[in-house]
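# predicted coordinates and the sequence they were generated for:
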Amino acid sequence: MFKDKIAKIYSSDALGGFVKYSFKYKKWLFGTLLLSVISSAMGAVPAWLSKYLVDDVLISKNGKMMVIVGGGIFLTTMIKALSAYYAETTSVYLSEKIRREVKIDIFKHLEHLPMSFFTQNKLGDIMARLSGDSSSLGRIGFLLFDMVREIIAVSAFLIRMFQLDITLSFIALIVAPAIFGMVKKYTRKMKRSGKERQDTIGEATAFMQESLAGIQVIKGFNKIDKIIENYEDVTETEMKKIYQAAKIKAKISPINEILTALMLVLIAAYGGYAIIYLKDFTPGDLISFLTAAGLMQQPLKRFIRRNSELYEIIPSGDRVMEIFKIKPEVDCFIEEPKKFSGEVDSIEFKNVGFTYPNSETKVLKGVSFSVKKGEVVAFVGSSGSGKTTIVNLLPRFYDIEEGSIEINGTDVREYSLKQYRQYIGMVPQDTFLFSGTIADNIGFGKEGVSFEEIVEASKMANAYNFIKDLEKGFDTEVGERGVLLSGGQKQRIAIARALIQNPAIMILDEATSALDTESEKLVQEALDKLMVGRTTFVIAHRLSTIISADKIVVMEKGEVKEIGKHEELLAKNGLYAKLYNIQYNKSEN
């Protein structure tokens with residue numbers, strides 16, 4: 001029963017995860033533990049030597065024994081100092097080694113999580129878990145090793161106390177149930193309070209990240225004061241949770257001090273009685289016992305303090321380990337993945353139905369259409385009609401619930417996801433560039449790319465002329481998300497990045513809708529080159545850009561309403577004709 005209670009108190013994903021990782025470094029782990037044992041054992045030696053110091057040196061006035069006791073104290077102190085140094089440094093090294101490995105594994109796992117995870121969780125909170133919370137795992141390791149060292153020290157002192165007098169030892173341990181009760185009580189409180197604290201820290205981080213990312217909108221709508229006010233409210237909650245945790249932690253030390261003082265008074269009272277009246281106890285025995293009991297207080301206090309710190313940060317570590325519980329993207333839905341050659345003869349959507357995770361609204365309903373090799377297919381429709389969802393399903397950012405998407409007659413879920421995506425290129429409307437140079441961003445789409453290939457791709461994307469006019473050319477830094485370049489320049493670099501990948505399937509989210517006339521012309525020319533010889537899916541915002549498409553799919557409320565070429569759809573005088581006439585301010589006819 002007691003074992004189950006302790007296991008419940010100390011149950012934690014973070015603790016379990018740390019232990020699992022630590023066994024990968026068994027030599028370092030056992031070396032650290034051995035050094036801790038030596039350090040703690042040497043620290044307990046004065047409790048043995050103090051008896052001889054009193055009885056044989058001070059009372060018997062034995063000079064030879066004085067040299068032996070003095071030498072013993074000096075030698076054990078030296079051994080303790082050295083072993084404690086190496087125990088601490090090796091524990092820190094092992095803790096940081098594990099922290100780094102966990103951080104890398106978490107990052108790998110995040111990269112393989114489905115898009116639904118990133119749409120349902122705030123980026124700031126994810127960042128808090130990856131950076132701040134993952135660092136807690138290293139701290140957990142350090143605290144665990146420290147607690148082991150303190151337990152060994154306490155055990156050594158207890159052995160000496162029971163060796164001297166069993167009755168006196170039990171008197172000394174009268175306060176033990178109160179100490180362990182306090183540890184149990186405040187451990188639960190610290191764990192609960194720590195979780196609340198870390199959640200509020202994550203919320204504050206997420207709010208700050210979102211506010212900084214949207215600084216242009218905040219300034220544009222003149223909402224700086226409002227955002228600052230909101231941030232003050234968020235950080236007020238964060239401060240209160242941290243203060244609450246600190247109050248719980250602060251109660252432990254004074255309670256422990258009172259219990260310790262009570263224990264020493266009881267020891268001194270009974271010890272004096274045993275020396276004076278029972279005469280079965282020497283002054284050296286009492287001093288030795290008091291030395292052991294007194295020295296035991298420091299490791300015991302440190303153990304309780306470390307325990308408090310441990311359960312203050314365990315919720316932080318648990319937040320990291322929670323990410324491991326989220327299932328990654330399914331690479332393939334069959335045991336032996338089929339190989340995708342990269343040749344696209346046909347793509348077919350068959351009665352596809354889809355609902356986003358944690359939503360009850362069906363986004364696509366019975367969507368069916370087919371695409372031949374090299375065709376350009378455009379999707380039009382009002383906002384929320386399902387256009388973006390269709391192109392997100394093609395590269396399997398989400399997996400469908402009903403129907404199938406087939407390439408060359410094979411369900412895309414039967415291909416290996418990693419291999420399949422190599423043949424899909426994307427040019428989004430909101431271009432994302434990575435911090436680094438122009439060359440880095442263009443070459444991102446292909447492993448082992450040469451500089452000549454980067455130059456050729458930039459020429460095909462109509463980007464070469466503006467790049468060569470820059471002071472550092474292809475070595476020009478683009479800034480975070482490409483902020484140092486114009487919208488048209490970023491789009492052309494994105495097109496070059498897609499071109500260098502040489503994909504069989506291209507997905508274009510109308511890349512010219514937010515550009516000026518000159519940039520739009522250059523980007524559209526680059527897009528026309530990009531589509532040659534490739535099966536292309538285009539989300540159309542400006543209908544003028546898809547007049548020459550081989551197939552136009554008209555969407556409304558998640559359903560396909562019309563399919564055909566521009567002239568055919570206008571002749572039908574249906575939904576497409578209505579959208580076209582509205583956009584160009586023409587009459588219904």
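Alright, I've got the coordinates.

# make it CA atoms for all contacts and neighbour counts henceforth
Fine.

# okay, strands next: where are they in this protein?
346-355, 362-372, 376-380, 402-407, 410-411, 424-427, 505-509, 535-539, 551-556, 559-564 (DSSP state E).

# contacts only, for residue 451.
Contact partners of residue 451, counting by C-alpha atoms under 8 Å, 6 or more residues apart in numbering, are residue 439.

# likewise for the one 3 residues further on?
Contacts for residue 454 were tallied using C-alpha under 8 Å, 6+ apart; they are 439, 442, 443, 496, 500.

# list buried residues within the residues you listed.
439, 442, 443, 496, 500 (16 or more other C-alpha atoms under 10 Å).

# does residue 235 touch residue 204 like I think?
Yes. Using C-alpha atoms under 8 Å, residue 235 is in contact with residue 204, at 6.3 Å.

# can you tell me which of the contacts of residue 454 is closest to residue 382?
Nearest to residue 382 out of the contacts of residue 454 is residue 496 (C-alpha to C-alpha; 29.7 Å).

# now for that closest one: which residues touch it?
Shown in contact with residue 496 (C-alpha under 8 Å, 6+ apart): 442, 454, 457, 458, 460, 461, 463.

# one more pass at 10 Å, please.
Listed by C-alpha atoms under 10 Å, 6 or more residues apart in numbering, the contact set of residue 496 reads 427, 441-445, 453-464, 490, 502, 526-527, 530.

# how close does it sit to residue 427?
When distance is defined by C-alpha to C-alpha, to the nearest Å, residue 496 is 10 Å away from residue 427.

# what touches both of the two?
With C-alpha under 10 Å, 6+ apart, residue 496 and residue 427 have common neighbours residue 527.

# now the residue most central in space within the chain: how far from residue 29?
By C-alpha atoms, centre = their mean, the chain has its centre lying nearest to residue 130, at 2.8 Å. Residue 130 sits at a distance of 25 Å from residue 29 (criterion: C-alpha to C-alpha).

# the strands of the chain: which one's closest to residue 81?
strand 424-427 (61.3 Å).

# ok, the closest one: who's next to it in the sheet?
Paired with strand 424-427 in the same sheet, following DSSP bridges, are strand 505-509 (parallel).

# relative to strand 376-380, how tilted is the partner strand?
30 degrees (axes from the mean of the first three to the mean of the last three C-alpha atoms, to 10 degrees).

# list the buried residues in stretch 118-127.
Of the residues in stretch 118-127, 122, 123, 124, 125, 126, 127 count as buried by neighbour count, 16+ other C-alpha under 10 Å.

# closest to residue 521 out of the contacts of residue 454?
The nearest member of these to residue 521, counting by C-alpha to C-alpha, is residue 496 at 15.8 Å.

# quick one on the thing from earlier: can you add mean pLDDT and give the strands of the chain back as JSON lines?
Formatted as JSON lines, those follow (pLDDT from 0 to 100):
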{"stretch": "strand 346-355", "mean pLDDT": "92"}
{"stretch": "strand 362-372", "mean pLDDT": "91"}
{"stretch": "strand 376-380", "mean pLDDT": "90"}
{"stretch": "strand 402-407", "mean pLDDT": "91"}
{"stretch": "strand 410-411", "mean pLDDT": "90"}
{"stretch": "strand 424-427", "mean pLDDT": "84"}
{"stretch": "strand 505-509", "mean pLDDT": "85"}
{"stretch": "strand 535-539", "mean pLDDT": "89"}
{"stretch": "strand 551-556", "mean pLDDT": "90"}
{"stretch": "strand 559-564", "mean pLDDT": "90"}
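
# which one, of those strands, ends up nearest to residue 269?
Across those, closest to residue 269 is strand 346-355 (C-alpha to C-alpha), at 75.9 Å.

# point out where the stretch 251-400 of the chain drops to low pLDDT.
Residues of the stretch 251-400 of the chain meeting the criterion pLDDT under 70: 251-257, 259-260, 264, 270-271, 273-280.

# can you pull out the helices in it?
Taking DSSP state H, counting those that start in this stretch as the test, the helices found in the stretch 251-400 of the chain are 283-324, 387-393.

# more crowded one of residue 235 and residue 204?
residue 204 (23 against 17; other C-alpha atoms under 10 Å).

# OK, contacts around the more buried one?
Shown in contact with residue 204 (C-alpha under 10 Å, 6+ apart): 124-125, 128, 198, 210, 231-238.

# mind checking how far it is from residue 313?
The gap separating residue 204 from residue 313 is 17 Å, by C-alpha to C-alpha.

# contacts for stretch 473-484, please.
Applying C-alpha under 10 Å, 6+ apart, the external contacts of stretch 473-484 come out as 431-442, 451, 454-455, 458, 464-468, 470, 485-486, 489-490, 493.
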